[in-house]
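K.L.:
I'd like to go over a predicted model; first the sequence, then the structure.
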Amino acid sequence: MIKGCCENSDLNRAFEVLAQLESLGWSSNVVIYTTLIDGCCKSGDIDRARKLLHEMGELGLVANQHTYTVLINGLFKKGFKKDGFELYEKMKLDGVSPNIYTYSCIMNEYCNDGQVNKAFELLDEMHERGIVCNVVTYNTLVAGLCRETRVLEAEKVAGQMKSVGLSPNIITYNTLIDGFCNAGKLEKASILFNEMKSNCLSPSLATYNALLSGFSKAGNLARAAGIISEMEERGIFPSKTTYTILIDGFVRWGDMEKAFEVYHSMQKAGLEADVCTYGVLISGWCKKGNMKEASKLFKSMSEIHFGPNDIIYNMMIYGYCKEGNSYRALRMLNEMVENAMVPNVASYSCTLKILCKDGKWKEAEILVNDMIGLGLKPSVSVCNLISKAKLVDK
């Protein structure tokens, strides 16, 4: 019953059931506490999960592999990396040996943190202890290597799976295809795509999106169109992400007309644009120097209650600087700060340059002080520009 409540995210009811059981003279056990800790972690209530682990110790209940693993995983998911690794060390000090799920959890965190080599050290430890790796273990390593663009090594790891009697699954192939696409190795990505299908694995939306992204970035929009056709033949409909990838492809190659054709097709399909879609379109107009259209899109976001993010603001600042409009660039910078966003160094630098060009060195000096106040360091060249603007003014 407690497990059912936790699975339904009804933690209060789960604790009520526990209290009722205790009032009837039932003694809590490791399974009940582990279930509650898992429920708390999945609901994001890490503090409560930690208290439960402490309570277990007070009651003389010994946490097992599963207890430690669910809490370690919960800590990592909430961003408490240090605490997660400390609990892992405590687990071993308490004489509880990590199991395959613990190792997978730790390996995944190492990979997310860019420490793939440490993940491989754990793989060696697993082999030494005679723990048999599963597909998840290998997929974790493949993903970690692809994230670091070590795609050839990732492919070798996938090959090792076969040597131990495991078959790469759709996640393995999707990760490799995405990795090779990001590395610009589109021919290899296509080979893997065909291999995947020959192994009776049906490509998913994620597979097609990875290929679309790769070919669109490379400017091979004809191949991208072919991928869309195959998707539709297989009954897989483009998602918001799919459309945004295509829009980005046309924007990258300066074809705003085609980009908006795709945007309108997306609307006809009943899909609403999100912040990413707007960001891609706004960046296209800014790069083209058409700030009138960029501004229209920017304002329309507020009308549909979409708050522009820092990337969009920085892009708008870049556009106004390119246009030579110091007033609007400065206004955007100030608006960003008012909305609790920190403009990047590039936005400050290009705004400072255009202010100096317009002879507005006083505004530039104020902006430099604001920049320093936010912990950003202006470049020597920017400081020299302000000095030169002062001399011209004299």
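P.N.:
That came through fine. Remember, it's a predicted structure, so these values are computed and weren't measured experimentally. Numbering: from 1, shown residues only.
K.L.:
in contact with the residue nearest the centre of the chain, which residues?
P.N.:
The centre of the chain sits closest to residue 112, judged by C-alpha atoms, centre = their mean, with a distance of 10.2 Å. Counting by C-beta atoms under 8 Å, 6 or more residues apart in numbering, residue 112 touches residue 144. From N, CA and C alone the C-beta is placed, and that goes for glycine too.
K.L.:
how far away is it from residue 140?
P.N.:
Look at residue 112 and residue 140: by C-beta to C-beta, to the nearest Å, they are 9 Å apart.
K.L.:
over to residue 54?
P.N.:
In terms of C-beta to C-beta, residue 54 sits 30 Å off from residue 140.
K.L.:
more neighbours, the two?
P.N.:
Using other C-beta atoms under 10 Å as the criterion, residue 54 and residue 140 rank with residue 140 on top: 28 against 9.
K.L.:
name the SS class of that one, please.
P.N.:
Here residue 140 is recorded as helix under DSSP: H, G, I helix; E, B strand; the rest coil.
K.L.:
cool, residue 97 as well?
P.N.:
Look at residue 97: counting by three-state DSSP, its state is coil.
K.L.:
what's near enough to touch it?
P.N.:
65, 129.
K.L.:
where does it fall, phi/psi-wise?
P.N.:
Backbone torsions for residue 97, taken as degrees, to the nearest 10, come to phi -80, psi 130.
K.L.:
separation between it and residue 88?
P.N.:
For residue 97, the distance to residue 88 equals 12 Å [C-beta to C-beta].
K.L.:
show me where the stretch 251-394 of the chain has its helices.
P.N.:
256-268, 275-288, 291-303, 310-323, 326-338, 345-357, 361-373, 380-393 (DSSP state H, counting those that start in this stretch).
K.L.:
can you lay out those as CSV showing mean neighbour count, distance to residue 196 and mean pLDDT?
P.N.:
Converted to CSV, these look like this (neighbours: other C-beta atoms under 10 Å; distance: least, C-beta to C-beta, whole Å; pLDDT from 0 to 100):
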stretch, mean neighbour count, distance to residue 196, mean pLDDT
helix 256-268, 16, 26, 94
helix 275-288, 21, 27, 95
helix 291-303, 15, 38, 92
helix 310-323, 22, 33, 94
helix 326-338, 18, 44, 92
helix 345-357, 21, 40, 91
helix 361-373, 16, 49, 88
helix 380-393, 13, 50, 81
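K.L.:
of all these, which one is nearest residue 146?
P.N.:
helix 275-288 (21.5 Å; C-beta to C-beta).
K.L.:
packing partners for that closest one?
P.N.:
Counting contacts by 3 or more C-beta pairs under 8 Å, 6 or more residues apart in numbering; DSSP states H and E, helix 275-288 packs against helix 240-252, helix 256-268, helix 291-303, helix 310-323.
K.L.:
so who does the residue nearest to residue 286 when sequence neighbours are not counted touch?
P.N.:
With C-beta to C-beta, 6 or more residues apart in numbering as the criterion, residue 286 has its nearest non-adjacent residue at 3.2 Å, and that residue is residue 319. By C-beta under 8 Å, 6+ apart, the residues touching residue 319 are 285-287, 289, 291, 294.
K.L.:
any figure for the gap between residue 319 and residue 136?
P.N.:
Here the criterion is C-beta to C-beta. By it, residue 319 lies 45 Å from residue 136.
K.L.:
kindly report the same for residue 142.
P.N.:
From residue 142 over to residue 136 the distance is 11 Å, taken as C-beta to C-beta.
K.L.:
out of these two, which sits in the busier spot?
P.N.:
Neighbour totals were compared for residue 142 and residue 136, and residue 142 leads with 28 against 16 (other C-beta under 10 Å).
K.L.:
for the residue nearest to the more buried one when sequence neighbours are not counted, which residues are in contact?
P.N.:
Excluding its sequence neighbours, the residue lying closest to residue 142 (C-beta to C-beta, 6+ apart) is residue 154, at 4.7 Å. Going by C-beta under 8 Å, 6+ apart, residue 154 touches 141-142, 145-146, 175-176, 179.
K.L.:
what about 7 Å?
P.N.:
Contact analysis of residue 154 by C-beta atoms under 7 Å, 6 or more residues apart in numbering lists 142, 145-146, 176, 179.
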